[in-house]
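Peer 1: Next comes the sequence, and after it the predicted model I'd like to discuss.
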Amino acid sequence: MAHKVQGIIARGKGQPVELTTIVVPNPGPGEALVQVQACGVCHTDLHYREGGINDDFPFLLGHEAAGIVEAVGPNVTNVKPGDFVVLNWRAVCGNCRSCLRGKPQFCFSTFNATQKMTLLDGTPLAPALGIGAFAEKTLVSAGQCTPVNPKASPAVAGLLGCGVMAGLGAAMLTGEVQRGYSVAVFGCGGVGNAAIAGARLAGATTIIGVDLDDRKLEWARQFGATHTVNASTTEPIAAIQAATNGNGADVCIEAVGHPEVLRQAFYARDLAGTVVQVGVPTPDMIMPNIPMIDFFGRGGTMKPSWYGDCLPSRDFPLLVDLHLQGRLPLEDFVTETIALGDVEEAFHRMERGEVLRSVVLL
Ligand SMILES: NC(=O)c1ccc[n+]([C@@H]2O[C@H](COP(=O)([O-])OP(=O)(O)OC[C@H]3O[C@@H](n4cnc5c(N)ncnc54)[C@H](O)[C@@H]3O)[C@@H](O)[C@H]2O)c1
Ligand SMILES: [Zn+2]
Ligand SMILES: [Zn+2]
């Protein structure tokens, strides 16, 4: 029998989100039904509500979640009922060009659940990032469930499901930050501060946080920034050069999603350094106008980073373990915990820059 539970949906472009009853089918082959315990509010949920991702309304929002597997369908071997899992949006296929090349973290053919969750009248819902976890229960592909140590709190573990993983991975995996590196992070929201925490964990000795908001820079210092720059009053390229003996940073991470910030990251980088683009641009944005001779002449690499280039089955358990050992303060990203009905207000607090993460507890 299908399950009738409460969930948060976005019915139309720019409309406030709604708490309503949704219908979640029992898991079919390869699927898992998850009782959601916690789900963070990510900027991408707001992008969905604003019609910035696509027009497949109504959406079932929420995708940064942890919970308990309640039931699994036929042919599921990676999880069983009772497992504590973090949900991911990279259930790898094992068969595409990238998986066959031994690079499943770039899988070109990831899985979501096959069956649809619906409204009471049968209208199919489009789950955000194939997850839809602002709901008491959700249906996902079993590969979207990554078991982790159940000693971690759901509010904290769930953060690895999106933004915090994207930031940690932007530094540690895409940017390949090494011991002794200098790293500059542009945008110190949840993603940027996770990049700062990742740079510290990887052994960076100079970490420069750049934002327009002093509150965010205060958080950046907590997560490990050795220097901070308020770009609304100080030109960030010169400030980063000044903090790195005039050279620029080895790795510059753009965690805003804006061409002018990408330009700053490009010029604030040392010769042969790396620029990582983890902030998500809108479709109208174009690359900054950089003379090609500068691109060629400075060497190094520019890399976009989706989900921090993570492989959930490899990275979530180890990051949870580092957290439980006191080496990764994931709890500091949780600014507040809220109820399912408070998501709309949490979007407004996010827009006003008052939170790193609001986390819905169920
Ligand atoms: N690549 C991925 O897989 C992935 C995953 C999750 C989120 N994201 C994206 O990462 C970006 C950041 O997400 P977030 O949750 O941290 O958002 P956020 O809104 O919490 O943080 C963005 C920060 O950038 C700052 N900022 C804005 N303009 C700036 C400028 N010109 N210079 C410096 N700082 C500036 C803001 O003050 C804010 O602190 C978003 O674009 C989000 O969609 C990407
Ligand atoms: Zn694949
Ligand atoms: Zn997200």
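Peer 2: Good, I have the coordinates. Ligands and ions are numbered 1, 2, ... in the order given.
Peer 1: quick one: is the helix-or-strand element of the chain with minimal mean pLDDT near ligand 1?
Peer 2: When the helices and strands of the chain are scored by mean pLDDT, DSSP states H and E, helix 43-49 comes last with a mean of 93. Yes: using CB under 6 Å from any ligand atom, helix 43-49 reaches ligand 1 at 43-44. Heads up, the C-betas are built off the backbone N, CA and C, glycines and all.
Peer 1: can you pull out the helices in the stretch 151-300 of the chain?
Peer 2: 154-157, 163-169, 190-201, 214-223, 236-243, 259-267, 292-297 (DSSP state H, counting those that start in this stretch).
Peer 1: returning to that earlier point: buried sites along the least confident helix or strand of the chain?
Peer 2: Of the residues in helix 43-49, those buried under the neighbour-count criterion (16 or more other CB atoms under 10 Å) are 43-46, 48-49.
Peer 1: Give the other helices and strands that that helix contacts.
Peer 2: Secondary structure elements in contact with helix 43-49, counted by 3 or more CB pairs under 8 Å, 6 or more residues apart in numbering; DSSP states H and E, are helix 343-351.
Peer 1: Show residues contacting the helix it packs on.
Peer 2: With CB atoms under 8 Å, 6 or more residues apart in numbering as the contact definition, helix 343-351 has outside contacts at 8, 16-17, 41, 43, 45-46, 49, 61-62, 134, 336, 338, 355, 358, 360.
Peer 1: okay, how far is it across stretch 73-84, tip to tip?
Peer 2: End-to-end distance of stretch 73-84 (CA to CA, to the nearest Å): 17 Å.
Peer 1: Report the buried residues of it.
Peer 2: By neighbour count on 16+ other CB under 10 Å, the buried set for stretch 73-84 is 73, 76, 78-79, 83-84.
Peer 1: Could you work out the most separated pair of the residues you listed?
Peer 2: For the buried residues of stretch 73-84, the farthest-apart pair by CB to CB is G73 and F84; their separation is 19.3 Å.
Peer 1: Could you check how many residues crowd around the nearest residue to A171 once chain neighbours are set aside?
Peer 2: Taking CB to CB, 6 or more residues apart in numbering as the measure, A171 lies nearest to G198, with 3.5 Å between them; neighbours along the chain are not counted. Using other CB atoms under 10 Å, the number of residues around G198 comes to 31.
Peer 1: Give the burial count for the residue in the chain that ligand 1 sits nearest to, as a bare number.
Peer 2: Going by CB to the nearest ligand atom, ligand 1 is nearest to G189 of the chain, at 2.0 Å. Residues near G189, counting by other CB under 10 Å, number 23.
Peer 1: Lovely, talk soon.
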